[in-house]
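# With the input below, show me the fold.
(one chain, ligands or ions: 1)
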Amino acid sequence: MSALPPQPDQAPDSRSHPPLPPVRVERRDVGEEESRRANGPDWDRYADDYQATHGEFLGDAGFVWGPEGLTEAEAGVLGPVAGRDVLEVGSGAGQCSRWVRDQGGRSFGVDLSYRQLQHSRRIDEGTGVVVPSVQATATHLPFADASFDAVFSSFGALQFVRDLDRAVAETARVLRPGGRFAFSITHPTRWMFPDDPGEAGLVASQSYWDRTPYVEVDDATGEVSYVEHHRTLGDWVGVLAGHGFAIVRLVEPEWPEHHDRVWGGWSATRGRWTPGTAIFACDLR
Ligand SMILES: C[S@@+](CC[C@H](N)C(=O)[O-])C[C@H]1O[C@@H](n2cnc3c(N)ncnc32)[C@H](O)[C@@H]1O
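Here you go, the predicted structure:
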């Protein structure tokens, strides 16, 4: 990926939550370590607000694949979980994993953010449904080979890591043969549009093929404070196939007719025209 010069005026606001400290937006390449150093503390800062704003929509033991509100009970992308060992990567407060536990699965969480994991513990205690979770990154999963029957991520780590190849390799390593990998991400076509829930978010303003990361730099310290990485649909197919995965489904949830909730750049205005979420399901050969 080549680094482009910063284009603050043209940069899309592509992040999935509003910036917290005063920041300037840049488009430039960022390494894996710098992405991790930025995103862990960013999610720590944002976690309380995130859970207060979206916790009710997510449900303490609910499994929602994205802002459209499509649930795993409706979609069946992860497949049967009862009696299975299941890992959630980028588990946040563990809502999805708690739903898996309610279905009889043995789910575990991994998240980069300590504060998100504190929320997970808070909900564990409130519901009595405990999701054992560890603080770690998607590119270094702290589990033995072939530990899980399924790995999933609902808008979790995958668009925050620079080294996607490594993250998918790690997923393949901890899965048992035939295991299912299911994940949702911002739909790759969204990268072309400004992250605006209104009409402005329907007008393409940059190339779909421009993979230069979206970066926020803290004005006060000059440090990178948030990063999102973009891949095209073809990139996803390539990296999954390259690690032995066969894609069995690609779900592009339609915006439900009476759903008027706005979440960042996701809204009914845009959702009627263009997909906001892509959900992949693939099996390890
Ligand atoms: C949008 S939240 C999604 C969490 C949960 N599925 C939900 O819907 O609330 C993204 C989560 O990914 C975590 N995350 C970001 N980068 C990560 C990484 N490299 N490894 C593991 N988790 C990461 C964040 O800390 C955050 O909890």
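# For stretch 165-180, list every residue counted as buried.
167-172, 174-175, 179-180 (16 or more other C-beta atoms under 10 Å). Bear in mind the C-beta positions are built from the backbone N, C-alpha and C, glycine included.
# typed the wrong thing, it's stretch 138-149
Quick answer for stretch 138-149 (16+ other C-beta under 10 Å): 138-139, 141, 143, 147-149.
# Up against the ligand, what does the chain have?
16, 36, 39, 43, 58, 89-90, 92, 96, 110-113, 116, 137-138, 154-157, 160-161 (C-beta under 6 Å from any ligand atom).
# 8 Å - rerun?
16-17, 35-36, 39-40, 43, 47, 50-51, 54, 58, 64, 88-93, 95-96, 110-113, 116, 136-139, 153-157, 160-161, 167 (C-beta under 8 Å from any ligand atom).
# List buried members of the residues you listed by neighbour count.
By 16+ other C-beta under 10 Å, those give 16, 35-36, 39-40, 43, 47, 50-51, 54, 58, 64, 88-93, 95-96, 110-113, 116, 136-139, 153-157, 160-161, 167 as buried.
# Sort out which of the buried residues of stretch 165-180 are in strands and list them.
175, 179-180 (DSSP state E).
# since we're on residue 250, how many residues are nearby?
14 (other C-beta atoms under 10 Å).
# Could you list which residues are in contact with it?
The neighbours of residue 250, taking C-beta atoms under 8 Å, 6 or more residues apart in numbering as the test, are 278-281.
# And it, how close does it get to residue 275?
10 Å (C-beta to C-beta, to the nearest Å).
# same deal with residue 261?
17 Å.
# next one: residue 223
Counting by C-beta to C-beta, the gap from residue 223 to residue 275 is 34 Å.
# So the two - more neighbours on which side?
Taking other C-beta under 10 Å, residue 223 and residue 275 do not tie; residue 275 has more neighbours (19 against 12).
# Pull up the per-residue confidence for the more buried one.
With respect to pLDDT, residue 275 scores 98.
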